[in-house]
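Engineer: this is a predicted model, with the sequence first.
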Amino acid sequence: MSGDDQATTGTSAGVPLTGIRVLIVEDEALIAMDLEDLILDGGGLLVAPPLRTCREALAVSEAQDIDLAILDVSLPDGEVYPVAEVLRTRDIPLIFHSGHAAHQDIKGRFPNAGWIAKPSDTSVIMDTLLTLMDL
Amino acid sequence: TADGYIERVRTDESERGSLFRDLLIHVTAFFRDPDYFEVLGTEVVKPLLAGATDDIRVWVAGCSTGEEAYSLAMLFAEAADDASRRPAVHVFATDISDDMLRIAREGRYPSAALLDIPERYRERYTIGLHGQFQISPRIRDMVRFSAHSVIKDPPFSHLDLISCRNLLIYMGDEIQTSVVPLFHRALKPGGHLFLGPSEGLSQHEKLFSTVHQKGRLFRRLDVKTSYGTALPMTRVRRSPPHHQTGPSSVEEHPTRERLDLFSSTLLKRYAPAGVLLDTDGDVLTSQGELAKFFRPVPGLQERHVSQLARSDVRKALIPLLREASNANERRAKRDVEVSSEFGSQTVDLVVDPLGDGTTMVVFIEVDGFRQQLDRFYSDTDGNDDRVRDLEEELRLVRFRLRGTVEELETANEELKSSNEEIMSMNEELQSANEELSTVNEELKSKIDEIAFANDDLSNFLGSAQLPLIIVDQNLCIRTFTQEAVQILPLVPADTGRPLMDVAALVEGVDLVAEARKILAGGATLEAPVTSKNGAQTFLARIMPYTNSEHKIAGVTMTFTDITRMTQLEHDLRHKSDRLELALSFGNMGVWEYNTETGMAILDRVEADLFGLEADEPLHIERFMERVHPDDRQLVLDNLQTAVDTDTLYNSEFRIVRDDGEVRLMKGVGKSDNVGDRMVGLNFDITEEDRVKREKDLLFEEMNHRVKNLFAVISSVVTQSARKSETTTTLAESLRGRILALSRAHAYTLDRESSDKPVLLYDLLTVVLGSHVTDHDVVLEGPDVLVTAQMATPLGLILHELATNSCKYGALRADDGRIALGWTNGSGTLDISWSERGGPNIAQPPSDNGFGSRLIDGSVAQLGGRIERDWNPAGLTVRMSFRIDDEGAVDDR
């Protein structure tokens, strides 16, 4: 139970995300925790604790400085796209993280967005983050 | 009077004959219509002679006095001379008048008629007589005259030419109509018919072709005609031709004529000489040898008796005449001595006034004539008498000879005529014979036809394989086919047996009774009958047998084997029933659409589906009105494609019902092979569609959840790995957490619907498992519904709490207990976890371990709050969630 940092998989490259402000929108607590650990282990910062509704996410995405967003699609109060629209208008890179298959029209609306299918290995998630951030 | 004449005609045969002769019209002439004779000469006569291989036969019907016949003979004779060919030419000239024929046979005509004969013929073919001319023997020999009636007698045959000029015009239409085919028959193929200028073929244009229209010259066409009625076959033998042979037979003369002959002979030979004087005394006539009493006077002018009479007579006669005239009665004077140059004669003179002004003077010689001069007597007187006797005898012989010659000539003529007559009869016989053989041919061909018809009939009956029975009016079997043994046990010898003697092999119809009904005038019966063993079904048709007079002469019964048809019909009905059942259970509407007219026929179900009337065909537009406007074009396109490519029609479309309800329909159809017809089904798939969508949705949801679950498990592994010291503890914690997840998921997955709320109690029981059944955890709270959405987070929270309790809290002790209670009110669900009876807890666990982090995250996931009270008596955890009435997490 004591906290040691031995098992931070996929982050052995050091701290590539240093100073990056990341928004996590995820309603599943465990997954949210996983993502949170991934960002923090990579040297990144969380804009807010993982958010689990569109409502919360909209408020944060409009108000905060954000470098990158990881968005679960299906949320208790609807799908995440309104949040994505806001982020796009702000030219904030974003990644959809979903168990749902991506629909073609969504991909058309967000051509620059990254897509990560659930479940995915943390290294894949990290690679996608880095590619999108051009790091 | 007229009546008297009629009576006489009735009784007197000779008068009848003369009336008939008077009625006949005998107008004819040589070369009548000379232009047409020219045509005949070039068109017929010359070609005939040029091509003749056989005798040339010509018939002049209605020849009258023979001019026509001789004209034709001259034509032929001249053509024969010109062509240097001499085939035998026979001109048969016939007429019904014997008188006319007699003139014709003589061949002697007045000189005036000579003008009608073209000049080139006159010298060659006529012989001039005084005031008359005679047809030359060469021409005469070519012509044979005979009595013959065109109407009543059989015609000649094998003729090259028939001339029947100006005969038909005197006949009635009916006779004309029958005569023309008769001519057709009499002619050889290609023979010619020469008619009068105003005569025609009267409705028989098909039999002849016209050679010269104005000349009425026709050529026989080789077409078949029926002469049966036209040919006068039954003929009454006419009386033999009657030839007048002059006054040679005593029997032929009446008494009156005989008396005249007697008187004249008596007068000539035996009566005394005498003269008849008129009132002036001129001699009117004389009788007997008067030379002894009258002088010969030069010049015929002097006729008065006083000048003529010798002086002795004059002296006695004049006074006597005066005397008699005055007295107006007979006077006589005896013994008047009359002297002449030759001698003297004593006579009694008688003067007899006859009352009409004339006076008869008779000289009755009283004794012999006395010669004046005796010296003239000589011995030669005897020789003179002998010569005179011989001369007299010679004169008589000559006279008789002439009579005999005339008789011979006449007899010859008669013979010739009889010969001609026999030849005509021969012709007629030949013609009749030919007619008979024609009839025979026809009969033979009729028999052949009947044989063919018979063969056809028997073949037809054989090929039809149809049981057929014909019974006559007495219900006796007349005919039956081989196949009829299926109906009645018949053998060939049964023909003629009464129908009722034969027991029928079929039941269903009483054949005898029905046959009686038909004979009584009943209508044709059609009824099914079955064989007694039930294996076969026939359709019996019992109908009248009508003969050629359209009378019912029996009954015809046919039996069509419909066993297979009946079976098929039964099967079809069965199939149809099943189909109907299927359609009605499937609530499928059937439609039939005519692609040409656009009209559609629909059944009741179809009509109900569309909310239309099914009573009559509807135009497809009526359907289209029901189809959702967005789908109309789709339906029409699909229909058109199916028609164009001859493929199946398949379409899903929405319809809008009268009440505004939208239903989803499926339509399938297929063009039948007829061409412009399409048959298909419509059925309502709204429900199926809904279920399918739900299933798709559910599948999608499950897929999502499973992926999510794997993601969660992946996180559990990651997180657990970060905090575990050993693989044993890692495995233990992983197994516990994964089991908790599994239980929570099992619970939600077992539900019929993932959205349906569940009782919180039930959910907690499942999630905590053996803790609840072992009464380690005591549940208490009202019935609260929560959604399955809460299952996973709650499961994880309670699992972590229970795990911690087992490690450090109440569940570590044997009698430790946990009270899990909840309250619900005003949209808030409060859950409390109170541990009692465990070891004392001095302080909360120092590390903010994975377990508590998981709890906090899960509570946050449910939008709830959590408080931990580390009471030394035991941990108390209070959680609070906002839920709505359906038990879902309220995210507002």
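Structural biologist: Thanks, I have the structure now.
Engineer: and residue 58, how many neighbours?
Structural biologist: Going with chain A. Neighbour count of A:Leu58, defined by other Cβ atoms under 10 Å in any protein chain shown: 17. In this view, the C-beta of every residue, glycine as well, is placed from N, C-alpha and C.
Engineer: please refer instead to chain B.
Structural biologist: Residues near B:Val58, counting by other Cβ under 10 Å, number 28.
Engineer: what's in contact with stretch B:634-649?
Structural biologist: Here stretch B:634-649 makes contact (Cβ atoms under 8 Å, 6 or more residues apart in numbering or on different chains) with B:593, B:595, B:624, B:627, B:650-651, B:653, B:667-671, B:678, B:680.
Engineer: can you redo those residues as CSV with distance to chain A and pLDDT?
Structural biologist: Below are the contacts of stretch B:634-649 laid out as CSV (distance: Cβ to the nearest Cβ, whole Å; pLDDT from 0 to 100):
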residue, distance to chain A, pLDDT
B:Tyr593, 38, 86
B:Thr595, 39, 81
B:Met624, 32, 85
B:Val627, 28, 88
B:Asn650, 26, 89
B:Ser651, 26, 88
B:Phe653, 25, 90
B:Gly667, 30, 89
B:Val668, 31, 90
B:Gly669, 34, 89
B:Lys670, 36, 87
B:Ser671, 38, 82
B:Met678, 37, 86
B:Gly680, 35, 88
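Engineer: and these, which of them are buried?
Structural biologist: Buried members of these, scored by 16 or more other Cβ atoms under 10 Å in any protein chain shown, are B:Tyr593, B:Thr595, B:Val627, B:Ser651, B:Phe653, B:Gly667, B:Gly669, B:Lys670, B:Ser671, B:Met678, B:Gly680.
Engineer: which strand or helix spans the first one?
Structural biologist: B:Tyr593 belongs to strand B:588-594 when elements are defined using DSSP states H and E.
Engineer: mind giving me the packing neighbours of that strand?
Structural biologist: strand B:599-602, helix B:604-610, strand B:677-684 (3 or more Cβ pairs under 8 Å, 6 or more residues apart in numbering or on different chains; DSSP states H and E).
Engineer: contacts for the one helix or strand in chain A whose mean pLDDT sits lowest?
Structural biologist: Within chain A, no helix or strand scores below helix A:104-109, which has a mean of 76 by mean pLDDT, DSSP states H and E. Here helix A:104-109 makes contact (Cβ under 8 Å, 6+ apart) with A:Tyr81, A:Phe96, A:Ala113, A:Trp115.
Engineer: so is residue 38 in a helix, a strand, or just coil?
Structural biologist: Let's take chain A. Secondary structure for A:Leu38, judged by DSSP: H, G, I helix; E, B strand; the rest coil, is helix.
Engineer: that's the other chain; I wanted chain B
Structural biologist: helix.
Engineer: next, count neighbours for it.
Structural biologist: B:Glu38 has 14 neighbours, counted by other Cβ under 10 Å.
Engineer: how close does it get to B:Val662?
Structural biologist: Going from B:Glu38 to B:Val662 by Cβ to Cβ, to the nearest Å gives 105 Å.
Engineer: tell me the gap between the helix or strand harbouring B:Arg398 and the middle of its chain.
Structural biologist: For B:Arg398, the enclosing helix or strand under DSSP H and E is helix B:381-464. Offset of helix B:381-464 from its chain centre (Cα atoms, centre = their mean, to the nearest Å): 49 Å.
Engineer: now swap in stretch B:520-537 and tell me
Structural biologist: Distance, centroid of stretch B:520-537 to centroid of chain: 34 Å (Cα atoms, centre = their mean).
Engineer: likewise stretch B:337-349?
Structural biologist: Put simply, stretch B:337-349 sits 111 Å off its chain's centre (Cα atoms, centre = their mean).
Engineer: residues contacting that stretch, please?
Structural biologist: B:291-293, B:310, B:312-313, B:316-317, B:320, B:332-336, B:361-367, B:369-373.
Engineer: can you tell me the SS state at the closest residue to B:Ile364 other than its chain neighbours?
Structural biologist: In this structure, B:Ile364 finds its nearest non-sequential neighbour in B:Asp348, 4.4 Å apart by Cβ to Cβ, 6 or more residues apart in numbering or on different chains. Under three-state DSSP, B:Asp348 falls in the strand class.
Engineer: how far away is B:Asp348 from B:Leu354?
Structural biologist: Counting by Cβ to Cβ, the gap between B:Asp348 and B:Leu354 amounts to 19 Å.
Engineer: between the two, who's got more neighbours?
Structural biologist: Neighbours of B:Asp348 and B:Leu354, each counted by other Cβ under 10 Å, are more numerous for B:Asp348; the result is 15 against 10.
Engineer: state the distance from the more buried one to B:Leu266.
Structural biologist: 20 Å.
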